[in-house]
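1. Fold the following and give me the result.
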Amino acid sequence: MIRVIIEREVAEGLEEFYESAVANLLGVMSNASGYLSGESLVDIHRPNRYVVVTRWVDEAAWNRWHGSSERQEMLDAISPFLLTEEKFTLLRQLIFHQQLSAA
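-> Alright, predicted model coming up:
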């Protein structure tokens, strides 16, 4: 399993429009093959900074979603609100944490 962190900075004053559009994106993403779960968060001190944390069965599942036409359509809907390009971080759990979780 992997986690993907997506960071986005939205133009001030457009947060409400972004939030509406991203709700649709998360709904479509939840049907993607290999998607496990996710949440969308907003920075308490910088309300135009958003972080999406998702869990995928593996990197291949994420790559399929990342390159999909469905995701591109959703990105087209939110891109007018973004100040910068999205930033992605792909993470895997360290093996010793997996062993502790199983105990």
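
2. Where does pLDDT dip in the protein?
-> Within the chain, the stretches with pLDDT under 70 are 96-103.

3. I'd like to know which elements the longest helix along it is packed against.
-> When the chain is parsed with DSSP state H, its longest helix is helix 15-29. Applying 3 or more C-beta pairs under 8 Å, 6 or more residues apart in numbering; DSSP states H and E, one finds that helix 15-29 contacts strand 35-42, strand 49-56, helix 69-78. The way it works is simple: take the backbone N, C-alpha and C, and place the C-beta from them, glycine included.

4. which of those sits most buried?
-> strand 49-56 (a mean of 19; mean count of other C-beta atoms under 10 Å).

5. what helices or strands is that one leaning on?
-> Partner elements for strand 49-56 (3+ C-beta pairs under 8 Å, 6+ apart): strand 2-9, helix 15-29, strand 35-42, helix 59-66.

6. Mind listing residues that contact the first one?
-> Applying C-beta atoms under 8 Å, 6 or more residues apart in numbering, the set of residues contacting strand 2-9 from outside is 18, 48-56, 58-59, 62, 78, 82-84, 86-93.

7. just how off-centre is it within its chain?
-> In this view, strand 2-9 has its centroid 5 Å away from the chain centroid, taken as C-alpha atoms, centre = their mean, to the nearest Å.
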